[in-house]
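Asks: What would the 3D arrangement of this be:
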Amino acid sequence: MGYVFVDNDKVPSVEGKSLFDFADALKVRVPTSCGRTGECHECIVQIIQGHQALNNKTAVENFLGPNFRLSCQAKIEDANQNVQFDVLRRQPKILSKGIKRDHDFSPSTYIKDYKVISDSFKRDEILNIKLTPIYGIAVDLGTTTVVCSLVNLENGDLVGSASFENPQRFGGSDTLHRISYDTGEFPGELQAVIIAGLNFEIGELCKKHKVRRRHIYEMIVVGNTTMRDIFFGINVYSVGQKPYKSLTQLDLENGDKDSTSLVEKAKRLNIRIHPDANIHSPPLIGCHIGSDVTADLVAIGLDILDDNFILLDVGTNTEIVLGNLGNLVAASCPAGPAFEGGDVTYAMPGYDGAIEHFRIQNGVQEFSTINDQSPQGICGSGLIDLIASLRKNSIMNEFGVFSNGEDNFHLENANGINVSRSDLSALAQAKAANYCGQSIALRNSGIDLRDFSNLFLSGGFANYIDIDNAKSIGFLVDIPNVKIKKVGNAALEGAIMLLKNKKLRTKFELLVKSIRHLELETDEHFFEHFVEGCQFKKLALM
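Replies: Presented below is the predicted three-dimensional model:
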C-alpha cells in the first residue's frame with residue numbers, strides 16, 4: 001500500500017481520489033473558489049514525489065510546469081505508490097511588524113456628513129452614502145511571501161495581520177523567471193493567482209475579526225517592480241530586458257506621466273473589497289527597485305533623517321539605498337533565491353522544520369528549527385550560521401572547499417540534510433551580488449564607511465540573521481554592531497503609514513525622484529567586486 005504525504009503527515013493512498021481530498025483528510029487548507037472544477041486555478045500544489053502515480057494533466061492545468069498540479073484535478077491512479085506534495089500556501093515565519101515612527105493620522109478615506117469619502121484624487125469622492133465602519137488593507141507583495149495587515153481607518157489601530165507563501169511560485173522562484181513566464185504562453189495567470197490568494201486571505205482576516213469586506217475602502221500595495229506590475233496587470237517585458245525599466249518608469253521619463261505611482265479601483269482588479277475602493281502603490285525608485293523600498297524609506301523616516309544611513313532590504317533581490325537627503329544612491333543586487341529556498345539542495349524558506357540557527361560548539365553540532373519541528377531543510381539565517389561555523393572551525397576555506405577533500409558536509413541528526421560544494425558555489429554567488437551592491441553604492445556615494453550613523457536591515461530574513469556571522473563571511477559590510485538596526489518588515493510598516501497618512505504620499509513622491517539609481521553591471525570595477533565577494537571572508541570594501 002502506498003501513502004500520500006503532505007505537511008509532514010500521511011494517509012493511505014486510495015485510487016480515484018484527488019489530492020484535494022487527501023488535503024481535506026489531513027485538515028490542510030487549500031484555497032479554492034470554483035467548487036473544485038479547476039476553473040479558479042487557486043489550488044496549485046507542487047509534486048515532490050510520485051508523479052507517475054497520478055493521472056495525466058487535464059486541459060485546465062496546461063499553464064503549469066512539470067512539477068505542479070491543480071489538487072482538484074490530480075487523482076491517484078496507482079495506490080501502491082507513495083505521493084508527496086506541498087500546498088503553495090504554507091505559513092512562513094515572517095514579521096508583520098516593523099520599525100515605528102511618529103506621524104500624523106490623516107487618511108485619505110474618512111467619514112464626513114455621515115458618508116464615506118475619499119480624497120485620493122484631490123477631490124472628494126463618495127464611496128458610500130451610508131455611514132459604515134471604514135478599514136484599509138496594507139500589502140507587502142514579496143517574491144517569496146506576502147503579508148497583509150487590516151487597519152481601522154477611523155482610529156488608525158491595527159486590527160490584524162496574516163502572511164502566506166506567494167502562490168506564483170509555479171512561475172519561477174525569482175523575478176526574472178516570473179517575467180519570462182508572464183510574457184510567455186500564459187500571460188495573466190500570475191496576476192490571477194496572486195489576486196485569488198489575496199482575496200482568500202482578506203476573507204480569512206475579515207472572518208477572524210468580524211469585519212465586512214465591503215467596509216474595506218482602500219488598499220496600499222508595495223512590492224518590487226515585477227511583483228507590483230504583475231499585480232496591476234502591467235506588461236513586464238520591459239523589466240526583463242535592458243534598461244530593465246517598468247513601462248510606468250518609461251512613461252515618466254518620456255513625459256507621458258508625472259509619477260510611477262499607480263491607482264486602480266478594486267472592481268477593475270477583482271479584489272473582493274468595496275468595489276469602488278482605491279488600490280494604490282507608491283512610486284518606484286528605478287528599474288528593479290520597487291515601491292517596497294519606497295515604503296522602507298517611509299518607515300525609517302528618510303524625510304526626517306539628518307545623518308548618513310544605509311538601508312538594506314535583504315531578499316531574493318537585495319536592494320540598497322544609502323547616503324543622506326542631499327546625496328542618495330540606490331542599487332539592486334540580483335542575489336537570487338539561494339538564501340530563500342532556491343538553487344541549494346536543502347535550502348527552504350522560513351517554514352516549520354527549517355533549520356534557522358546552527359553552530360559547532362567544542363566539536364559538537366547544535367541547531368534549532370522553526371517551531372521545534374523535525375528538520376526539513378535550512379533557511380537563510382541557518383545557512384549564514386552554517387557557513388560561518390564551517391569557516392570558524394576550519395572545516396572549509398574561504399573558497400568553499402572542504403579541508404577533508406569531501407564534496408559534502410553532513411549535518412548530524414538532521415534527516416540526511418547536507419551542504420555540497422555546488423551549494424556553496426550558489427551561495428557564494430548570491431552573497432557576492434549583495435557585496436557588489438553595497439561596495440559599488442558606497443564608492444559612488446563618496447561617503448566613507450566610518451561616517452555612516454545607521455545600517456538599517458529590513459525584511460524577515462534580515463531580522464533573524466546573526467550579525468557577527470553575516471559580517472564574518474562578507475554578507476554585510478563591516479560596520480560596528482551598535483550602528484546596525486534590524487527594522488523588521490519595514491516595507492509593510494511603511495505601507496501602513498502611507499495608508500494612514502496621505503501627506504506622506506505626497507512627500508515621498510518628490511523624495512524618490514532625487515535618488516540616483518546605479519546599474520551595477522555597468523560599473524567598471526564590477527568584475528573585481530564580484531570575484532572578491534565570492535569568497536567567504538570578512539571583506540574590506542574596495
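Asks: Select the longest helix from the protein.
Replies: For the chain, the helix reaching the highest residue count under DSSP state H is reported as helix 421-445.
Asks: residues of that one that come out buried?
Replies: 423-445 (16 or more other Cβ atoms under 10 Å). (C-beta placed from N, C-alpha, C; glycine too.)
Asks: cool, and stretch 498-509?
Replies: Of the residues in stretch 498-509, those with enough neighbours to count as buried (16+ other Cβ under 10 Å) are Leu498, Leu499, Lys500, Asn501, Lys502, Leu504, Arg505, Phe508, Glu509.
Asks: The first one against Leu297, yeah?
Replies: No - under the contact definition of Cβ atoms under 8 Å, Leu498 does not touch Leu297, with a separation of 11.0 Å.
Asks: Of all residues in the protein, which one is nearest the centre?
Replies: Central residue of the chain (Cα atoms, centre = their mean): Gly142, 2.6 Å from the mean position.
Asks: show me what contacts Ile465?
Replies: With contacts defined as Cβ atoms under 8 Å, 6 or more residues apart in numbering, the neighbours of Ile465 are Val314, Gly380, Ser381, Ile384, Leu457, Phe475.
Asks: out of these, which are inside helices?
Replies: Judged by DSSP H, the subset of the contacts of Ile465 located in helices is Gly380, Ser381, Ile384.
Asks: Now render those as TSV, adding neighbour count, distance to Pro167 and pLDDT.
Replies: TSV is the format used below for the ones in helices among the contacts of Ile465 (neighbours: other Cβ atoms under 10 Å; distance: Cβ to Cβ, whole Å; pLDDT from 0 to 100):
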residue	neighbour count	distance to Pro167	pLDDT
Gly380	30	21	87
Ser381	26	24	90
Ile384	27	27	94
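Asks: residue ranges of the helices in this structure, please?
Replies: Secondary structure of the chain by DSSP H: the helices cover 19-25, 175-182, 189-209, 225-231, 247-253, 266-269, 291-300, 380-392, 421-445, 460-464, 467-472, 490-500, 502-511, 526-533.
Asks: CSV for those helices, including distance to Ile370?
Replies: Supplementary listing: the helices of the chain in CSV, determined by distance: least, Cβ to Cβ, whole Å:
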stretch, distance to Ile370
helix 19-25, 22
helix 175-182, 25
helix 189-209, 20
helix 225-231, 24
helix 247-253, 37
helix 266-269, 33
helix 291-300, 24
helix 380-392, 9
helix 421-445, 20
helix 460-464, 9
helix 467-472, 18
helix 490-500, 20
helix 502-511, 34
helix 526-533, 29
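Asks: do you know which of the ones you listed lies nearest Val329?
Replies: Counting by Cβ to Cβ, Val329 lies closest to helix 421-445 out of these; the figure is 5.1 Å.
Asks: Quick one: distance of stretch 405-413 to the chain centre.
Replies: Offset of stretch 405-413 from its chain centre (Cα atoms, centre = their mean, to the nearest Å): 30 Å.
Asks: Stretch 465-482 now?
Replies: What separates the centre of stretch 465-482 from the centre of its chain is 22 Å, taken as Cα atoms, centre = their mean.
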